[in-house]
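# give me a 3D structure for the following:
(chains A and B)
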Amino acid sequence: MSDHPNLPATGLPLTSGFWEASKQHVLTAQKCLDCGYLRYPALEICPRCWSTNQAWTEISPNGTLWSYIVYHRALDPSKKDEIPYVVGRVKTDDGPVFTVRLDIAPEDAKVDMRVTATWDDVSDEVTLVRFAAS
Amino acid sequence: MTVDVRGKVAIVGVGHSDQGTFPGKTAEQLSIEAIQAALTDAQLTKDQLDGLITCKSVQGNNIDIQVGPLFGLSPKYAQTLDYGTCNYSLHLATQAVLSGLAETVVLVYGANARSGKFNFSAAAPSLESASGFVHVAGPAALALQRHKALYGTKEEDFGWFAVSEREWAQRNPLAIFQEPMTIDDYLAKPYLVEPLRREDVTMISDGAVALIVTSAERAKDYPHKPVYVLGIAENTEVAGDTFDDFLMRPNIKGTAAEIWRTTGFKPSDIDVLYIQNPTAVWNLQMVEAYGFAPEGEGAAWAAEGHIRPGGDLPLNTNGGQLSESYMWGWLHMVEAVRQLRGTVEPDRQVSGAELALYCSTMTFLKSAASIIGVNP
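Numbers count the residues shown, from 1 in each chain, chains lettered A, B, ... in the order given. This next block holds a predicted model:
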């Protein structure tokens, strides 16, 4: 844990389903069971139809890299041993967008390249989704 | 019913504290210093104010009921905006004066974020923060990288936003960053969050800024040439990050369309331009959204020199937030007023400036614009 301070809480009712699926290396989004809208991050109600019926649902682990950046300075001091690191904003094929770490070297990253989810088990409780070249 | 705001309200006083690091001074104390300076500028006493609009500091304090006890009087109208950027504050003051809620309003922003060691990267632990996606430089850099990919934007062009602000800052005694910086110096600087360099990102500072606003009729009795509010516009994307191009901030185009439509002005009418800019990406996005440069060509346009001292559209003549100080855009408005009065240092004064546009945003979620000028 000392290598990964500030990990998100995984036991909250609204988001526990996402973290449980992540532990199984399954990418999910919150689905409205009334209108079908898929959303991430989690919201208490569907922003389209205001339904409270929702479930974490498996979505495509594939997507397109909208953009990417390279952190050369540890703006979060707990990441100082990881710089430079690459973060990308990924639009998954089912719609939801994730802005997470990329397993892609800066010189290999390209806007609009195809990417696929990979997984980083950082603790017994927390697995973080990342994306790598498809 | 639409009320035409044009020429009905004017800015009659501006003031600010010193800018930098002031350990031991609270945001509210700095606010009073700025109010005092604005009162001196307007040759008013505090009992002649009947409105107080405070802007929350980046740390969350400086609300009206915290400033009030130091202010020492209770005006009939007091309000706080969570995110003033001076634009929202000016719009609220304009509405207060037009509606009769108050006649003479002081607006103020104060912060001690620098000496208070405010953590700009702080965020509730989430998937994104655990992935190292922190600080406003992150989303701003994502937007710039996308812009580069879509339009072929070059860093040697984009760098001119920061370089031009530095050139202006060298002419502004208040500016914190005054050491010379050429485009080659800029390109030699290391990346912070690539493709952004440290020079493309603001550095938080302590300080406060205040403006005094009153009706156009009353404004004629003040010592300085009144600077009139000629138009105000806002737009939002408060529903948040639900679509692909959210970080390109298309909501700004809505504010731009509205300010041009409601005032009848066009980009070529503007003499001096002000853009609130925690990062230089804000300059890039706004010069395009407001129509000063074609979409996708904002950086190449900046590299042509329009925005530099001597250029045909001086931008952030105070040095902006990249080189002057981080006052959430408030000093931009002070500078605009002084330029329109014709009272800044001669080497910085834009000759004949009569009309200014100030554009600001609340992160990726809201945008606002004001046009101010010397002719009602």
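
# which residue lies nearest the spatial centre of chain B?
For chain B, residue B:329 is the residue whose C-alpha lies nearest the centre (C-alpha atoms, centre = their mean; 2.3 Å).

# hmm, that one is touching residue B:318, no?
No - Residue B:329 lies out of contact with residue B:318 (C-beta atoms under 8 Å); the separation is 10.4 Å. For every residue, glycine as well, the C-beta is placed using N, CA and C.

# shared neighbours of these two, anything?
Counting by C-beta atoms under 8 Å, 6 or more residues apart in numbering or on different chains, the residues touching both residue B:329 and residue B:318 are residue B:274.

# re earlier: what's the closest non-adjacent residue to the residue nearest to the centre of chain B?
Using C-beta to C-beta, 6 or more residues apart in numbering or on different chains and skipping residues adjacent in sequence, the residue nearest residue B:329 is residue B:276, 3.0 Å away.

# for that neighbour, what are its contacts?
B:85-87, B:282, B:321, B:328-329, B:332, B:358-361.

# for the stretch 51-200 of chain B, which segments count as helices?
B:64-71, B:87-99, B:127-130, B:137-151, B:155-158, B:160-169, B:183-188 (DSSP state H, counting those that start in this stretch).

# out of the ones you listed, the one nearest residue B:12 is which?
helix B:87-99 (11.2 Å; C-beta to C-beta).

# contacting residues around that closest one?
B:3, B:5, B:8-9, B:11, B:51, B:53, B:55, B:77, B:79, B:81, B:101-103, B:105, B:107, B:109, B:211, B:213-215, B:229, B:232, B:234, B:276, B:329, B:333, B:358-360, B:362, B:366, B:368-370.

# same thing with stretch A:83-94?
Contact with stretch A:83-94 is made by A:27, A:29, A:38, A:59-74, A:79, A:97-102, A:104-106, A:109, A:115, A:131, B:131-133, B:138, B:142, B:194, B:244, B:247, as judged by C-beta under 8 Å, 6+ apart.

# what does chain A put close to chain B?
Listed as neighbours of chain B in chain A under the rule C-beta under 8 Å from any C-beta of the partner chain: A:4, A:6-9, A:39, A:41, A:47, A:66-73, A:75-76, A:79, A:82, A:84-85, A:87, A:89, A:91, A:97-101, A:106, A:110-112, A:122, A:126, A:128-130.

# show me those residues that map onto strands.
Of the residues of chain A next to chain B, the ones assigned to strands by DSSP state E are A:39, A:66-71, A:85, A:87, A:89, A:91, A:97-101, A:128-130.

# just for chain A, where's the confidence low?
Scanning chain A for pLDDT under 70 picks out the ranges A:1-5.

# what's the most buried one of the helices of the stretch 51-200 of chain B?
helix B:160-169 (a mean of 26; mean count of other C-beta atoms under 10 Å in any protein chain shown).

# shaky segments in the stretch 1-150 of chain B?
Using pLDDT under 70, the stretch 1-150 of chain B drops low at B:1, B:120-123.

# for the stretch 201-350 of chain B, what lies in contact range of chain A?
Taking C-beta under 8 Å from any C-beta as the contact definition, the stretch 201-350 of chain B meets chain A at B:239, B:241-242, B:244, B:247.

# run the last query once more with 10 Å
B:201, B:239-248 (C-beta under 10 Å from any C-beta of the partner chain).

# for residue B:118, state which of the residues you listed is nearest.
Looking across those and measuring by C-beta to C-beta, the closest to residue B:118 is residue B:201, at 14.8 Å.

# now do the contacts for that closest one.
Going by C-beta atoms under 10 Å, 6 or more residues apart in numbering or on different chains, residue B:201 touches A:75, B:120, B:135-137, B:140-141, B:162, B:192-193, B:277-281, B:321-322, B:326.

# same question for residue A:80.
For residue A:80, the contacting residues are A:73-74, by C-beta under 10 Å, 6+ apart.
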